[in-house]
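Visitor: okay, here's the prediction I keep looking at, along with the sequence it came from:
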Amino acid sequence: MPSIRAPAAKRTTTLTVAVKCRPLKERERGRDIVRVNDNKEVIILDPDLSKDYLDRIQNRTKEKKYRFDHAFAPHCTNLDVYERGISSIISGVVQGLNATIFAYGSTGSGKTYTMVGTQEDPGLMVLSLHTIFTLIEKDKNSDQFEVSCSYLEVYNEVIYDLLEKSSGHLELREDPEKGIIVVGLRCIKVHSADKILELLNLGNSRRKTESTEANATSSRSHAVLEIIVKRKQRNKYQNQVMRGKLALVDLAGSERASETNSGGQKLRDGANINRSLLALANCINALGKQHKKGLAYVPYRNSKLTRILKDGLSGNSQTVMVATISPADNQYHHTINTLKYADRAKEIKTHIQKNIGTIDTHVSDYQRMIDGLQIEVCRLRKELAEKESQLSVKPAEKSVDDELSWLDILSRETSENVQERINLQKALFELEETNLRNRFELQHLDDAIAKQQAIEKEGSVIEALIARQKVILDNIRDNDEVGINYQKEIEENEKHRFQLQDMIDKAISKNGNKTYLRILNQYRLLGMANTELQFEMAMRDQIIHNQREAQRKLWNMLMGLGLEEKHLLDFAAKHGIIIEDWTMMPRLAISDKYSVSTFDRFAPKGYSQCSGQSISRSCIFQHYQDFGSSSFSRGPWNPSGTFCREEHHSSYYMLSHDQSPPAYLSLRKSTNHWIGSAPDSWFGTPAKLPQNLRSSCPELRTWASPCSEGSPSASSPSADLSRHRKVMWNDASRKHLYETRNAGVSDSQTMMGNGRTALGFSAQLSELHSTSHIFQHTETPSGPNILRVPSFATPEKNLFCKP
Ligand SMILES: Nc1ncnc2c1ncn2[C@@H]1O[C@H](COP(=O)(O)OP(=O)(O)OP(=O)(O)O)[C@@H](O)[C@H]1O
């Protein structure tokens, strides 16, 4: 069931950093060089005893002093650490907040001891779990709770499920809604702290540990225990669910090969551990720098560990870092190293927000939500218009010095930079959404294959399903690659933004036209606000789309109940709902070429066509519909070119699998949007297309290059061809857009003296707003030729799109 995140207040906070020094072990020879003052200050003495008073006053000692949120001397227990530094954030988890606690330190410094602990001195994992269940117990009369937990380890850059006896390699995926997720990780429902502790012990027994020179039971993997608490209030806000998440992380210890005296596999483990810890340290560095110098690139993608910890390091999470240190003088360098990163981590900011979702069960609820969101979109549009009118206010100082003409270039570059950013973010957003769908389909395919294999071991249906599975996997891989490129482009864009800001700042501090420059700077800031608003709008559009998806499924269910169309139409009309394309479309929007017999021949037993009796049948059917339109097109399903349509991303897809679209590629009929056939040259000479179509079809806003759905395998000639077309298409559409925008700027420049840039900028933004849909779809990976027409051409209308 789709859930919608309700707006909740965001609070920015910094990472809490606690330092814990373990006691000196009996067998450890050496001197204790750590002192803790005021529960906050940590002093590391110079390990070299020969330094005297003179060295000290002349600053020649290696003594170092640090201050943290909390500091714990060797005699402190885990309970002390928990009560002073952790317990307050645990209570937030049962209120829908996220929290992350991780122990960081060199090998043998006491990370596992701190996180897991012993019978006598239970660790932070154990203590947190007890608190969560105590809090649940207190509120369980008024609220309903559901607690689940997962436990994974990252060993040699591979993720394993610690709750699975013989876990395979698990993969990470980026989910637009939930962030980073581990696909296939078991999440077990639990009803008591004891049950989790049992699982924790089980998981710990499966963890990879080794005896090294530095530690007899050294953890060779990073372990992440995740507890999810869902809370539903019994009386008010019946459909509201709060979802809090607690991540408890015990990192593997960093070490020097020379110190641990390890070789072979151990050495390799060490190298991998160090690599991911280095990646973590780099992220901490970059995040620390962000605070001081504005945004910097944070290399989360460099390791699995940092991807998993991403939310805890900069996202929606209240985070505590427990830096563990050894008091021994021979660990001086490790200790200083740990404290240096801990010191940097103090600067890291996270943004905490309650995770509130809703569970909706009725079409009318969806409709209400869509209405609400559309009102929100209108409000945002108004706000955007206001911002734009602010941008076009003439500056008081009218005279423009010719010498300042470079400012025009600067301002144009500034606005282009903003526009590019919007485009990239939207493209990335859509790409992630597409991949989500791909994964969803993949899951269905897995199920279908398993079911079919239970009936017969081999056969054309299984073959077809496996072929489709391969296509989807290829798509996902391609999308991931494209996504990485987008990320890179966003980084470039960010760099450029800083350069521009730098130029403006420098010019302001010199004796230039200060007023003009200040205004220009103001435009840039407003432009950024616009970016956010526009992106928010795009997100809302996406939510609306998701609601429509849900409507579609409900619609399928209604159809499955065998109600008569006429009754449905009458009923809808009574409620002011227009059902679109009723007469035009074949049932469930599938081409007539898919005859029932064809479907029955290839569909697994138990699935029927649109007259299916259950929801699941209808849902599965959607996938078969896709098959017919893609990889099956050259097979028995569809020997000739055909098209099907589906609603997706606020768009209708017209799919054609021949290189030349069929003559009957008729388009959206309702309200005379556009009807006609698509000549092959549309794809060959894309530059002309938007203009031609726009003039003849004002409703057409969205154009797409080949799309991911149902694309042929990446290596096939048609994939190459479509990729080639995509490149041409993207270049041409970009060029077209930039030409249009630049033309807009020069017109406005002649009109308005000093305020000309403002007008140009504002015009560009509105142009971008109307054309951004083009970019929204142009970067999608290759696949069959697809034309898309948005289904939200008239968002104000109470429009119900029949699936
Ligand atoms: N606060 C403490 N009190 C008593 N003993 C401790 C304490 N902290 C750590 N130790 C002991 O120090 C040794 C190393 O601790 P631990 O295994 O927790 O280190 P680690 O940082 O997790 O090491 P690695 O990274 O190699 O896994 C263990 O024998 C542990 O019992």
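Guide: Sure thing, it's come through.
Visitor: ok, and the closest non-adjacent residue to Glu381?
Guide: Just so we're on the same page, residue 381 is Arg rather than Glu. Once flanking residues are discounted, Arg381 sits nearest to Met537: 7.3 Å by Cβ to Cβ, 6 or more residues apart in numbering. Every residue, glycine included, has its C-beta placed from N, CA and C.
Visitor: and the one you found, what element?
Guide: helix 514-560 (DSSP states H and E).
Visitor: what helices and strands are in contact with the following helix or strand past that helix?
Guide: Toward the C-terminal end, the helix or strand that comes next after helix 514-560 (DSSP H and E) is helix 565-574. Packing partners of helix 565-574 (3 or more Cβ pairs under 8 Å, 6 or more residues apart in numbering; DSSP states H and E): strand 578-580.
Visitor: what parts of the stretch 51-200 of the chain come near the ligand?
Guide: 105, 107-113 (Cβ under 6 Å from any ligand atom).
Visitor: between those residues, which is nearest Ile449?
Guide: Distance to Ile449, by Cβ to Cβ, is smallest for Thr112 among these, at 41.3 Å.
Visitor: what's that closest one in contact with, if anything?
Guide: Thr112 makes contact with 103, 123, 217, 219, 250, according to Cβ atoms under 8 Å, 6 or more residues apart in numbering.
Visitor: in which helix or strand would I find it?
Guide: Assigned by DSSP H and E, Thr112 belongs to helix 111-115.
Visitor: next one: Glu171
Guide: strand 171-175.
Visitor: so what does that strand touch, helix or strand wise?
Guide: So strand 171-175, by 3+ Cβ pairs under 8 Å, 6+ apart, packs with strand 179-183, helix 304-314, helix 405-455.
Visitor: quick one on the thing from earlier: now the residues of the stretch 51-200 of the chain next to the ligand as JSON lines including pLDDT?
Guide: Shown next, in JSON lines, are these (pLDDT from 0 to 100):
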{"residue": "Gly105", "pLDDT": "89"}
{"residue": "Thr107", "pLDDT": "85"}
{"residue": "Gly108", "pLDDT": "88"}
{"residue": "Ser109", "pLDDT": "91"}
{"residue": "Gly110", "pLDDT": "92"}
{"residue": "Lys111", "pLDDT": "92"}
{"residue": "Thr112", "pLDDT": "90"}
{"residue": "Tyr113", "pLDDT": "93"}
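Visitor: those residues: which two are farthest apart?
Guide: Thr107 and Tyr113 (12.3 Å).
Visitor: more neighbours: which of these two?
Guide: Shown here are Thr107 and Tyr113; by other Cβ atoms under 10 Å, Thr107 has more neighbours (24 against 18).
Visitor: please report how far the residue of the chain found nearest the ligand lies from Thr61.
Guide: Closest contact between the chain and the ligand, by Cβ to the nearest ligand atom, is at Gly253 (2.1 Å). From Gly253 over to Thr61 the distance is 28 Å, taken as Cβ to Cβ, to the nearest Å.
Visitor: more crowded one of the two?
Guide: Gly253 (28 against 15).
Visitor: pLDDT of the helix holding Met537, averaged?
Guide: Helix 514-560 shows a mean pLDDT of 70.
Visitor: with stretch 163-181 instead?
Guide: Mean predicted lDDT for stretch 163-181 stands at 79.
Visitor: over to stretch 195-209?
Guide: 85.
Visitor: same thing with stretch 77-86?
Guide: So the average pLDDT for stretch 77-86 ends up being 93.
Visitor: now stretch 220-237
Guide: Per-residue scores along stretch 220-237 average to 83.
Visitor: stretch 133-146 too?
Guide: 88.
Visitor: 3 is where my numbering starts, stick with that
Guide: Sure, I'll start numbering at 3, so the last one becomes stretch 135-148.
Visitor: which parts of this protein sit against the ligand?
Guide: 24-25, 107, 109-115, 217, 219-221, 254-255, 326.
Visitor: mind listing the helices in the stretch 153-302 of the chain by residue range?
Guide: 195-208, 259-262, 266-295 (DSSP state H, counting those that start in this stretch).
Visitor: against which helices or strands is the helix or strand hosting Lys342 packed?
Guide: Following DSSP H and E, the helix or strand that holds Lys342 is helix 334-347. Applying 3+ Cβ pairs under 8 Å, 6+ apart, one finds that helix 334-347 makes contact with strand 18-23, strand 43-46, strand 66-69, strand 100-107, helix 266-295, strand 320-327.
Visitor: and the chain, what are its domains?
Guide: What the TED database lists as the domains of the chain is 13-360, 407-541.
Visitor: redo the ones you listed as TSV? Include distance to Cys380.
Guide: Formatted as TSV, the domains of the chain follow (distance: least, Cβ to Cβ, whole Å):
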stretch	distance to Cys380
domain 13-360	21
domain 407-541	10
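Visitor: which of the ones you listed comes out lowest on mean pLDDT?
Guide: domain 407-541 (a mean of 76).
Visitor: if we can go back for a sec, tell me the two of the contacts of Thr114 that are most distant?
Guide: Ala105 and Thr219 (15.0 Å).
Visitor: which of these two has more residues huddled nearby?
Guide: Ala105 (26 against 11).
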